[in-house]
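*Asks:* Got a predicted structure here, sequence first:
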Amino acid sequence: MTTSEAWQAVRAEAARLEPRSLRALFAEDPSRTAALTVALDDLTLDLSKEKLDAAALRALVDLAEAAGVASRRDAMVAGRPINETEGRAVLHMALRGGAEAPAGAGVEATLARFLEFAEAVRSGAVAGRGGAIADVVNIGIGGSDLGPAMAARALRPDNDGPRLHFVSNVDGAHLADSLAGLDPERTLVVVCSKTFTTLETMANAKLARDWLGEAAAGQMAAVSTNLEGCAEFGIPEERVFGFWDWVGGRYSVWSAIGLSLAIGIGAARFRAFLAGAAAMDRHFREAPLERNLPVLLALVGIWRRNAMGWPTVALIPYDQRLERFPAYVQQLDMESNGKRVRLDGSPVGEATGPVIWGEPGTNAQHSFFQLLHQGSDVVPVDFVAAARPRAADPEHHALLLANCLAQGQALAFGRTAEEVEAEMAAAGKPTEEIARLVPHRSFPGDRPSTTILFRELDAFSLGRLIALFEHKVFVQGAIWGVNSFDQWGVELGKALAGRLIPALRDGTEPEAGTDASIDASTLGLIDRIRELQR
Ligand code: F6P
């Protein structure tokens, strides 16, 4: 990327815009917001508070063209094995009708089957020993947890089925606290694991099976590509729902991994969730790059990360029900594009995936926003908000949205020393105090943000929003030339934990090694843990 002509053009744009403030850019071009706002129906992306302009965006679109984004997208849609390190196609779009599934996969039949099961649980046709299912406990981690857990919270007003609980952590407290107060004879446990070997999930599934006792045989279901593993665990075939190796874990909420969610919201709304994602797929496939929402979101990310050198992004939904959206996007983005080599194995020549983090507004305003406004680093912000509240007080929603917009304004335009001086003088403050406090009370501004706005948070708009981020991640991976669909980086920790378990569980003596397996520091910590456990 860095050696290409297209990249040099982006750099030149960055050098031109670097010294220009957002204040100046807005003052000079009154049509800026119109030019830098794009929409797909009600879903609107306002890029005008980013430190770029139409010419810079054009250079970025040229970069996407030069990087072959469109042809890589087409290769994904055509089912070519673009996940090269694992030799797999990447076809999560096929789960929602956004691409063709491989012949004979039976996507619609599988969908119909798990939705039928979800409806049977909701209606009581599938029940527990003690009567209709009152609670569903989803056991899974990473992509087998974050999607349905995030979506279940987001769509809480739509949940007219059993209560949903999500257990991921191998910390036994997670399962214990989630099961507390539940009736084992009216609880369905859904074990979600693509591989059905993940340590955390298998440990929690075994404990949940024990907790269910005699009810286990009829009150467990599983979602996996490892059908043999499910059978060995003792889950009957009619309660096992499969998916395919061409669906990555962090892209799997559209598959039967969404079963718990479907039990909560019902089949019709689950289909609306898929339809929302399919609408974004269509747009991603058909819209020209310069009007293509995921492409533009990705390019703004490239601009922030590579042209401006900002290493993190704060993702701030002004929506309490999207409280787990930052965590969801963290996995989606950081597990996909946290890569240091290109497809051919050579080191990337530029920074790749940024650190994504965030919390819902307005809570975040009262914790870390101070640093965003006046700290020494620039942290670009992605605001996400719905225009209308759902099952919430409209007056509160006005307060919420006013705060969202105000934060974008404050970040972009700040408050100059002159403004602070004038305000303090008008309030009758003595000159000496004004001089002392002006540096503390003024805001540099010029801090970028993107606002993502839509009408209302429902199953359709949530599906569309997730797909927007999925495709954004894809486009950035294509430009950086990395494989966004493997995750070898999580393997080493898993292997090392496996070697440490006997020492911590059974008290066997670990052996010091010269390799990274059990080093002196780790041995020291094991000793200290044992001491503290005595
Ligand atoms: O953390 C690595 C990872 O493989 C994720 O990609 C995945 O979502 C998660 O573990 C869970 O894996 P599984 O669904 O196989 O249990």
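*Replies:* Sure thing, it's come through.
*Asks:* ok, and what's touching the worst-scoring helix or strand of the chain on mean pLDDT?
*Replies:* For the chain, using mean pLDDT, DSSP states H and E, the weakest element among its helices and strands is helix 491-505, scoring a mean of 90. The contact list for helix 491-505 (CB atoms under 8 Å, 6 or more residues apart in numbering) reads 199, 508-510, 516-518, 522, 526, 529. Where C-beta positions appear, they are placed from N, C-alpha and C, glycine not excepted.
*Asks:* buried stuff in that helix?
*Replies:* Within helix 491-505, the residues scored as buried using 16 or more other CB atoms under 10 Å are A503.
*Asks:* what are the C-alpha coordinates of the helix or strand V384 falls within, in PDB please?
*Replies:* V384 belongs to strand 381-386 when elements are defined using DSSP states H and E. The C-alpha trace of strand 381-386 is given here as PDB (Å, rounded to 0.1, in the frame of the first residue of the first chain):
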ATOM      1  CA  VAL A 381     -15.000   8.700  17.800                       C
ATOM      2  CA  ASP A 382     -17.700   6.700  16.100                       C
ATOM      3  CA  PHE A 383     -21.100   7.800  17.400                       C
ATOM      4  CA  VAL A 384     -24.100   5.500  16.900                       C
ATOM      5  CA  ALA A 385     -27.600   6.600  17.600                       C
ATOM      6  CA  ALA A 386     -31.200   5.900  16.700                       C
END
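*Asks:* Direction included, what does that strand pair up with?
*Replies:* Strand 381-386 pairs in its sheet with strand 312-317 (parallel), strand 449-454 (parallel), by DSSP bridges.
*Asks:* The last one: how far from the chain's middle?
*Replies:* Averaging C-alpha coordinates over strand 449-454 and over its chain gives two centres that are 16 Å apart (CA atoms, centre = their mean, to the nearest Å).
*Asks:* pLDDT averaged over whichever helix or strand comes after it, what's the number?
*Replies:* Later in the chain than strand 449-454, the nearest helix or strand by DSSP H and E is helix 459-480. For helix 459-480, mean pLDDT rounds to 98.
*Asks:* what helices or strands is helix 459-480 leaning on?
*Replies:* In this structure, helix 459-480 makes packing contacts with strand 43-46, helix 54-66, helix 69-77, helix 146-154, helix 267-286, helix 293-302, helix 336-337, strand 449-454, judged by 3 or more CB pairs under 8 Å, 6 or more residues apart in numbering; DSSP states H and E.
*Asks:* So which of these is nearest the ligand?
*Replies:* helix 146-154 (7.8 Å; CB to the nearest ligand atom).
*Asks:* Let me know the next secondary structure element after that closest one.
*Replies:* Criterion used, DSSP H and E; the element after helix 146-154 is strand 163-167.
*Asks:* hmm, who's touching the helix or strand where F26 lies?
*Replies:* Assigned by DSSP H and E, F26 belongs to helix 22-28. With contact meaning CB under 8 Å, 6+ apart, helix 22-28 is reached by 17, 32, 48-49, 51, 53, 412-413, 445-446, 448.
*Asks:* Out of these, flag the one nearest to V223.
*Replies:* Distance to V223 across the contacts of helix 22-28 (CB to CB) is lowest for P448, with 39.8 Å.
*Asks:* Tell me which residue is most central in the chain.
*Replies:* V329 (1.3 Å; CA atoms, centre = their mean).
*Asks:* Run through the neighbouring helices and strands of whatever helix or strand that one lives in.
*Replies:* Under the criterion of DSSP H and E, V329 resides in helix 325-330. Helices and strands touching helix 325-330, by 3+ CB pairs under 8 Å, 6+ apart, are helix 146-154, strand 312-317, strand 355-357.
*Asks:* out of the contacts of helix 491-505, which are inside helices?
*Replies:* Mapping the contacts of helix 491-505 onto helices (DSSP state H) picks out 199, 522, 526, 529.
*Asks:* Tell me both backbone torsions, phi and psi, for the closest residue in space to the first one that isn't next to it in sequence.
*Replies:* Using CB to CB, 6 or more residues apart in numbering and skipping the chain neighbours, the partner closest in space to L199 is V170 (6.4 Å). The phi and psi torsions at V170 (degrees, to the nearest 10) take the values phi -70, psi -10.
*Asks:* residue contacts, V170?
*Replies:* Applying CB under 8 Å, 6+ apart, the residues contacting V170 are 199-200, 203-204.
*Asks:* rerun at 10 Å
*Replies:* 141, 198-204, 497 (CB atoms under 10 Å, 6 or more residues apart in numbering).
*Asks:* which of the residues you listed are buried?
*Replies:* For the contacts of V170, buried by 16+ other CB under 10 Å: 141, 198, 200-202, 204.
*Asks:* Show the overlap between those and what lies near the ligand.
*Replies:* 141, 198, 201 (CB under 6 Å from any ligand atom).
*Asks:* Without its sequence neighbours, what residue ends up closest to the last one?
*Replies:* Excluding the flanking residues, the one nearest T201 by CB to CB, 6+ apart is S193, at 4.5 Å.
*Asks:* likewise S144?
*Replies:* Nearest non-adjacent residue to S144 (CB to CB, 6+ apart): C192, at 4.0 Å.
*Asks:* Tell me, how many residues neighbour that neighbour?
*Replies:* Around C192 there are 34 other residues, counting by other CB atoms under 10 Å.
*Asks:* Might one say that L401 is in contact with A392?
*Replies:* No - counting by CB atoms under 10 Å, L401 stays clear of A392, with 11.9 Å between them.
*Asks:* between the two, which one's more packed in?
*Replies:* L401 (18 against 14).
*Asks:* M308 versus the more buried one, what's the distance?
*Replies:* 28 Å (CB to CB, to the nearest Å).
*Asks:* next one: G97
*Replies:* Taken as CB to CB, the span from G97 to M308 is 38 Å.
*Asks:* Now for L227, how many residues are close by?
*Replies:* 15.
*Asks:* With D183 instead?
*Replies:* Residues near D183, counting by other CB under 10 Å: 14.
*Asks:* isn't it right next to G130, touching?
*Replies:* Yes - between D183 and G130 there is a contact under CB under 10 Å: 5.8 Å.
*Asks:* any residues in contact with both of these two?
*Replies:* Once CB under 10 Å, 6+ apart is applied, the residues that D183 and G130 both contact turn out to be A215.
*Asks:* What's the separation between the residue of the stretch 401-534 of the chain found nearest the ligand and G142?
*Replies:* Closest to the ligand within the stretch 401-534 of the chain is V490: 4.2 Å, counting by CB to the nearest ligand atom. V490 sits 8 Å away from G142, going by CB to CB.
*Asks:* of the contacts of V170, closest to the ligand?
*Replies:* When these are compared against the ligand (criterion: CB to the nearest ligand atom), the nearest one is T198, at 3.2 Å.
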